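> structure for the following, please:
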Amino acid sequence: MKLQVAGFLDNSMVNGKGLRSVIFVSGCNHNCEGCHNKEMQAFDYGDKVEINEIMDRIKHNIPLIKGVTFSGGEPFEQAKALIFLAQNIKEQGLSLWCYTGYTFDKMLGSKDNDKLELLKYVDVIVDGRFEKNLTENAPKYAGSSNQRVINVQKSLKSGKIIEFNE
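A predicted model of the protein is given here:
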C-alpha cells in the first residue's frame, strides 16, 4: 500500500509532545486562508511512498522519538493508507498525534469507516480549520484559538470531548 507523501521530518519538537517523527501527507480540500502548507493541498504533490518504507524510516528513529505525528495536507483524506501505518506505529509503542481541519465531532458523525477506524489509533488530535485571524491565544500545539487539542482515547471512552493535558 502506498501513501502520497508531501514531506517527512525525522525529528520535531513542535508537532506534538516530545521528540516526534512527522509525516506530511498530500491533499486537502479545506483551503484555509493563511495555510502553512499551501502547496501540500494538491493531492498529487510529493511522492507515492510504500507504507513499509515509511515505517522503516520511523523505526530508524526509535528510541529517540516518543511518537509520530500525521499532518498535511489533510491526513483523513488518506485514512485508508494511514490505518495500516497507524497500526504499525502503535505496535512500536509510539504515541500518535494527528492534525486535521475536520472537527472531532464531525469525524465521529462521519459515515466514512476508514476515517472512524483511523481515529481508533490516534492518541491526540488537533482539530478544526486553521483560522488566520485567530492565531492569538492559540492552545499549545495548535495554530489558531478555535482549534482544540483532544485526548482521543479518553474522549472515545467517555463519550465527551476531553482536552489533552500535559
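> quick one: least confident helix or strand in the protein?
Within the chain, confidence by mean pLDDT, DSSP states H and E is lowest for helix 104-108 among all helices and strands, at a mean of 93.
> quick test: name the residue nearest the centre of the chain.
Nearest to the mean C-alpha position of the chain, by CA atoms, centre = their mean, lies Cys98 at 2.0 Å.
> any idea how far that residue is from Val22?
Distance check for Cys98 against Val22: by CB to CB, to the nearest Å, it reads 11 Å. Bear in mind the C-beta positions are built from the backbone N, C-alpha and C, glycine included.
> re earlier: can I get the CA coordinates of the least confident helix or strand of the chain in PDB?
Output for helix 104-108, consisting of C-alpha atoms alone and laid out as PDB, is shown next (Å, rounded to 0.1, in the frame of the first residue of the first chain):
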ATOM      1  CA  PHE A 104     -13.600  15.800  16.200                       C
ATOM      2  CA  ASP A 105     -17.400  16.000  16.400                       C
ATOM      3  CA  LYS A 106     -17.700  15.900  12.600                       C
ATOM      4  CA  MET A 107     -15.300  12.900  12.500                       C
ATOM      5  CA  LEU A 108     -17.400  11.000  15.000                       C
END
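> contact partners of whichever helix or strand comes after it?
Moving toward the C-terminus from helix 104-108, the first helix or strand encountered (DSSP states H and E) is helix 113-119. When contacts are taken as CB atoms under 8 Å, 6 or more residues apart in numbering, the neighbours of helix 113-119 outside the stretch itself are 75-76, 79-80, 82-83, 86, 98, 107-108, 110, 125, 152, 156.
> just the buried positions in the least confident helix or strand of the chain, please.
When burial is assessed from 16 or more other CB atoms under 10 Å, helix 104-108 yields the following buried residues: 104, 107.
> give me the contacts around the host helix or strand of Phe8.
For Phe8, the element it lies in under DSSP H and E is strand 2-12. Residues outside strand 2-12 that contact it (CB under 8 Å, 6+ apart): 15, 19-27, 37, 39-40, 43-51, 54, 57, 60-61, 64-65, 69, 72-73, 78, 81-82, 85.
> in strands only, show me those.
20-25, 47-50, 69, 72 (DSSP state E).
> farthest pair within those residues?
Taking CB to CB, the two most distant members of the ones in strands among the contacts of strand 2-12 are Arg20 and Lys48; they sit 23.2 Å apart.
> more neighbours, those two?
Neighbours around Arg20 and Lys48, counted as other CB atoms under 10 Å, are more numerous at Arg20. The numbers are 25 against 11.
> surely the more buried one and Phe70 touch.
No: the pair Arg20 / Phe70 is not scored as a contact, 10.4 Å apart, by CB atoms under 8 Å.
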